[in-house]
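>>> Sequence and predicted structure, then a few things I'm wondering about:
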Amino acid sequence: QKKLIVGSIQNRDYKTPKSIAKDFRDLFSYELMQIGYSLVPIQPKLLERDLVMSGENLFLPLSLRKSAGESSSSSSQIERLLDQKDIKLITNSESVDYFVQGVVSIQSNEKILDKKDYNYIFLNVYDTEGNLIGMLNSSFDEKILSESELLRKVAFSFAQTLEKSMK
C-alpha cells in the first residue's frame, strides 16, 4: 500500500472562498483512500523543530517569537506550500512515497453581461527527495467549482489520474 501526504491546497486568488480549497483537499484525500492509498498527516512539531534547528533568520527562540507575535502558528506552517527541503524532511521522517500540494483558483472576467468564471486546480506531486515528479491540472469554465457535485467529480478524477500515473 502506497503512503502519501496531501499537503496544503491553497487559494491562489483572494475571491475564492477558503472553504473550496479545503473541501477539495478533503474530497481528494477521501478519493485517494478509496483506491487504497494510506494517507499520513503532517506533524506540525516536525516543521516547527526544523525551523528552530536550522536557525534561519531567527534571533529569538520559537516560543519567544510566538509570544511576541513574530512567528506563525504551527498550524499555519502546515497550511503553507512547502519547499523542497521541507518536503524531503517530512517524507523521510514519515516514510511516505509521495507528497502532493497545490492551488485552486476561480477567476472571473468581471463583466456584467456575459460574465464567465474560469476554474483552475493545479496539484504538484513530489518524490521523497522533494523533487517535482508530476503535475495534475484541471481547468474549466461555465460551471462554478463550489458546486459540490463538480468538486467531487474533479477530486475523483485527480485521484484516478494520480493512481494511473504512479503505477
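Thanks, I have it.
>>> The protein: strands as residue ranges?
In the chain, the segments counted as strands under DSSP state E are 3-11, 38-39, 98-108, 117-126, 132-141.
>>> export those strands to a markdown table and tack on mean neighbour count and distance to residue 25?
For the C-beta atoms, the positions are set from N, CA and C on the backbone; glycine is no exception. Conversion of the strands of the chain to a markdown table gives the following (neighbours: other CB atoms under 10 Å; distance: least, CB to CB, whole Å):
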| stretch | mean neighbour count | distance to residue 25 |
| --- | --- | --- |
| strand 3-11 | 20 | 4 |
| strand 38-39 | 14 | 11 |
| strand 98-108 | 21 | 9 |
| strand 117-126 | 20 | 10 |
| strand 132-141 | 14 | 13 |
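>>> Let's have these in a markdown table, adding mean pLDDT.
Shown next, in a markdown table, are those (pLDDT from 0 to 100):
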| stretch | mean pLDDT |
| --- | --- |
| strand 3-11 | 93 |
| strand 38-39 | 95 |
| strand 98-108 | 90 |
| strand 117-126 | 90 |
| strand 132-141 | 90 |
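>>> now the ones you listed in CSV, with distance to residue 32?
Conversion of the strands of the chain to CSV gives the following (distance: least, CB to CB, whole Å):
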stretch, distance to residue 32
strand 3-11, 6
strand 38-39, 6
strand 98-108, 9
strand 117-126, 11
strand 132-141, 12
